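Q: Build me a model:
(one chain, ligands or ions: 1)
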Amino acid sequence: MSLIQDGLASAVTVGEMMIPGEKVAHVQLNNPLEHALLVLVKSGYSAVPVLDASYKLSGMIGKTMILNHILGLERFEMEKLSDTTVQEIMVTEVPCLSQADLFMDGLKAVIDHPFVCVADDSGYFDGILTRRAILKRINKDFYESRLQNRKG
Ligand code: 2BA
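A: The predicted model follows:
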């Protein structure tokens, strides 16, 4: 028995598994780093998406990027937290899928990334697909097919 069943690989879409945008912690391009750090620390996440004012995906920012930026030769240069905006240090090359992409596209993407962003053709942010969501779906599929095999 294959762990990933045909139905899961070919019929389940990224849109069905993603965390919708309204439940995703994010920051905006022109936010100062101190706001981004607050969001990251309060939410508990290592990294979150960066959106522009119209809710288009622009990049991603994480705690390590911020700490690296403010780390001087001898001390943390805390003034940089208010002097620097998110867009100055975020990464813009972020992996991105669309809602119509299939389970296998999502599985491949989260091998190298804890989460991937989901956006529409115009770049508007729809949500994120996380490793947790992919693993939960595999787990569900595994137990459902085991149940079916026992019945059959
Ligand atoms: P990390 O923040 O490094 O989190 C790694 C894993 O730790 C998460 O995996 C989750 O299982 C757990 N975790 C961390 N913070 C959590 C919290 N506040 N509540 C519950 N569980 C938490 P995934 O769930 O697969 O998430 C992968 C990555 O996706 C996270 O990496 C984070 O960067 C991002 N992420 C997940 N949910 C998010 C959300 N609602 N808003 C923004 N970013 C999110």
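Q: Show me which residues of the chain are close to the ligand?
A: 19, 23-25, 43-48, 114-115, 128, 130-132 (C-beta under 6 Å from any ligand atom). The C-beta positions use only the backbone N, C-alpha and C, and glycine is treated the same way.
Q: and the spatially most central residue of the chain, what does it touch?
A: Centroid-nearest residue in the chain: residue 115, 3.4 Å away (criterion: C-alpha atoms, centre = their mean). When contacts are counted by C-beta atoms under 8 Å, 6 or more residues apart in numbering, residue 115 touches 47, 128, 129, 130, 131.
Q: farthest-separated two in those?
A: Pairwise distances among those were taken by C-beta to C-beta; the largest, 14.1 Å, belongs to 47 and 129.
Q: pLDDT below threshold where in this protein?
A: Counting by pLDDT under 70, the chain contains low-confidence ranges at 1-3, 5.
Q: again, only using 80
A: 1-10, 151-152 (pLDDT under 80).
Q: can you give me the strands in it?
A: Here the chain has its strands, by DSSP state E, at 19-20, 27-28, 47-51, 57-62, 96-97, 115-119, 125-130.
Q: returning to what we had before: ok, residue 47 and residue 129, which is more surrounded?
A: With neighbours defined as other C-beta atoms under 10 Å, residue 47 and residue 129 compare such that residue 129 has more, 29 against 18.
Q: No more questions from me, cheers.
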